[in-house]
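J.: pasted the sequence and its predicted model underneath.
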Amino acid sequence: MIKKIRGVWLTTAASDVLESKDNIKKAMQLLAEAGFNTVFPVVWNNGYTLYPSVVLNKNFGIEIFPPFTGRDILAEVIEEATRLELDVIPWFEYGFIASYKQDGGHIINKKPEWAGKDKDDRLLTKNDFVWMNSLDLEVQDFVLGLFLEVARNYQIAGVQGDDRLPAMPSEGGYDQKTKKLYHNQFGEDPPLDFKTSSWLEWRANILSDFLARLYREVKNINPNLIVSVSPSPYPFGFNEYLQDVPTWINRGIVDLIHPQLYRSDKDKYKGLVDDLVNRFGQKNLSKISPGVLIRSSDYQITPDTLWQSIRHNRHSGIRGEVLFFFEGLNADNQALATSLKDKNYANFVYLQSGNIGDDVQEIQQKLKDKGYGVGKTDGNFGSLTKSAVEKFQRDNSLSPDGVVGPETYAKLMI
């Protein structure tokens with residue numbers, strides 16, 4: 001089976017999935033039937049965990065988001081997902097954010113020294129989200145502790161940060177501790193223009209080092225765990241949130257990347273996909289599965305637009321995607337979920353000349369096992385592999401286009 005992410009984010013906002021065990025059970029059943037293989041349940045937002053946390057309790061005297069006291073949302077999702085062979089990757093939605101509005105909420109109220117600051121010494125706030133200081137080692141240790149206790153205590157496929165981890169608004173970094181660190185290194189205060197390129201790079205490097213540490217420590221717990229991130233699109237994410245995705249890829253400190261290509265216009269979405277392909281190249285596409293917006297407060301994607309987006313992903317060499325968010329599948333009498341099931345989304349494969357990755361290597365090995373010469377089984381879909389696919393297709397009464405689509409893939413797997 002070709003491994004590619006077909007995922008969905010589970011939220012607490014604008015959704016009642018996590019409100020009861022029965023709702024979770026129904027949601028997992030819907031996802032499995034529609035063809036998904038991975039769920040990303042939120043486990044950290046607005047200063048609270050959605051599982052009983054020793055780390056949160058030690059620092060703030062609170063074990064779990066108060067309305068969920070007595071439950072373990074993550075364990076409930078894992079139980080139902082595992083029963084249906086769905087992988088679970090807990091999603092730390094708020095990352096380095098302390099609260100939405102609320103002047104930092106209980107996090108900053110108890111630990112004001114953890115607050116991020118802008119150049120005017122105000123709380124670091126962007127789009128009403130109040131940030132901790134992502135560059136502070138104590139803050140990093142706290143958030144890392146949340147990741148690691150989940151990695152140790154639950155049967156999961158991986159862990160996920162997003163546009164808030166590793167991240168910090170580029171307006172930040174003007175707290176006394178960070179300014180002192182910068183001054184000690186360069187003999188001067190940080191530039192007041194927070195978009196100064198060297199200042200952007202210096203802070204982004206600290207965040208990349210944090211991701212490297214997170215990656216290393218998660219792998220020490222279990223080398224098979226996936227470290228996944230869902231950043232803003234590059235270079236916007238770098239300039240606005242210090243997210244240096246090319247460096248993460250080059251350093252090998254992330255396994256899967258789900259850039260949030262949240263556009264309601266299908267052509268704008270396709271343009272962002274094309275930019276991904278041009279920017280990162282075929283050799284990296286097997287680890288990139290974009291985030292697709294299917295629902296927001298005033299938007300619901302149509303089945304046709306979603307399928308066009310998925311088709312464009314596959315034809316561009318991108319093997320999967322993660323949908324934001326579950327309620328888009330549940331809306332309009334589950335129209336999207338039904339459409340994906342009818343189109344056999346789970347088996348929608350499209351591999352062609354130029355593609356690179358483990359899934360190509362799998363195809364090569366299957367062809368070789370059946371007596372078709374592919375040269376090296378190196379995961380590179382070159383001319384020899386294409387010729388082997390065409391010969392296999394002719395031998396099996398398929399159109400010899402040299403592309404491994406759903407029909408060819410199904411025949412190969414026999």
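T.: It's in.

J.: which strands or helices does the host helix or strand of Gly105 pack on?
T.: Gly105 is part of helix 105-110 when elements are defined by DSSP states H and E. Packed against helix 105-110, as judged by 3 or more CB pairs under 8 Å, 6 or more residues apart in numbering; DSSP states H and E, are the following elements: helix 54-60, strand 97-100. Every C-beta, even on glycine, is put in place using the N, C-alpha and C of the backbone.

J.: what's it in contact with?
T.: 46-47, 59-60, 62, 98-99, 103, 114-115, 123, 130, 132 (CB atoms under 8 Å, 6 or more residues apart in numbering).

J.: stretch 238-253 now?
T.: Counting by CB under 8 Å, 6+ apart, 134, 163-164, 166-170, 195, 200-201, 203-205, 207-208, 211-212, 215, 227, 229, 231-232, 234, 237, 254, 257, 259, 279-280, 284, 287 sit against stretch 238-253.

J.: do the same with stretch 372-392
T.: With CB under 8 Å, 6+ apart, stretch 372-392 has contacts from 351-358, 360-361, 363-365, 367-368, 370, 398, 400-404, 408, 411-412.

J.: distance between that stretch and the chain's centre?
T.: Distance, stretch centre to chain centre, for stretch 372-392: 31 Å (CA atoms, centre = their mean, to the nearest Å).

J.: end-to-end on that stretch?
T.: Counting by CA to CA, to the nearest Å, you get 7 Å between the two ends of stretch 372-392.

J.: what are the buried residues along it?
T.: Buried residues in stretch 372-392, counting neighbours by 16 or more other CB atoms under 10 Å, are found at 372, 374, 377, 379-382, 384-392.

J.: ok, stretch 405-414 next?
T.: Gly405, Thr408, Tyr409, Lys411, Leu412.

J.: average model confidence for that stretch?
T.: For stretch 405-414, the mean pLDDT works out to 94.

J.: ok now it, how far from the chain's centre?
T.: The answer for stretch 405-414 is 28 Å, by CA atoms, centre = their mean.

J.: repeat that for stretch 229-243.
T.: 13 Å.

J.: cool, and stretch 70-90?
T.: Using CA atoms, centre = their mean, the offset of stretch 70-90 from its chain centre is 18 Å.

J.: ditto for stretch 356-368
T.: 25 Å.

J.: equivalent analysis for stretch 393-413, please.
T.: Using CA atoms, centre = their mean, the offset of stretch 393-413 from its chain centre is 32 Å.

J.: same check on stretch 52-62?
T.: 26 Å.

J.: in this protein, what spans have low per-residue confidence?
T.: Applying pLDDT under 70 to the chain picks out residues 1-3.

J.: distance-wise, check Gly47 relative to Val54.
T.: Relative to Val54, Gly47 is positioned 16 Å away (CB to CB, to the nearest Å).

J.: those two - which one has more neighbours?
T.: Gly47 (24 against 13; other CB atoms under 10 Å).

J.: pretty sure the more buried one sits against Tyr94.
T.: Yes: contact status for Gly47 versus Tyr94: in contact at 7.4 Å, counting by CB atoms under 8 Å.

J.: what sits closest to Thr305 if chain neighbours are left out?
T.: Excluding the flanking residues, the one nearest Thr305 by CB to CB, 6 or more residues apart in numbering is Lys266, at 5.1 Å.

J.: could you pull up the residues touching the closest residue to Lys117 other than its chain neighbours?
T.: Closest residue to Lys117 apart from its sequence neighbours, by CB to CB, 6+ apart: Asp175 at 4.1 Å. By CB under 8 Å, 6+ apart, the contact set of Asp175 is Ala115, Gly116, Lys117, Asn133, Asp136.

J.: so who does the residue nearest to the fourth one when sequence neighbours are not counted touch?
T.: Leaving aside its sequence neighbours, Asn133 sits nearest to Gly116 (CB to CB, 6+ apart; 4.4 Å). For Gly116, the set of contacting residues under the criterion of CB under 8 Å, 6+ apart consists of Phe96, Leu123, Leu124, Trp131, Met132, Asn133, Ser134, Met168, Pro169, Gly172, Gly173, Asp175.

J.: show me the helices in the stretch 1-150 of the chain, by range?
T.: 21-34, 54-60, 73-83, 105-110, 137-153 (DSSP state H, counting those that start in this stretch).

J.: nearest to Gln300, of the ones you listed?
T.: Nearest to Gln300 among the helices of the stretch 1-150 of the chain is helix 21-34; the distance by CB to CB comes to 16.0 Å.

J.: pull out the buried residues from that closest one.
T.: Neighbour-count burial for helix 21-34 [16+ other CB under 10 Å]: Ile24, Lys25, Ala27, Met28, Leu30, Leu31, Ala32, Ala34.
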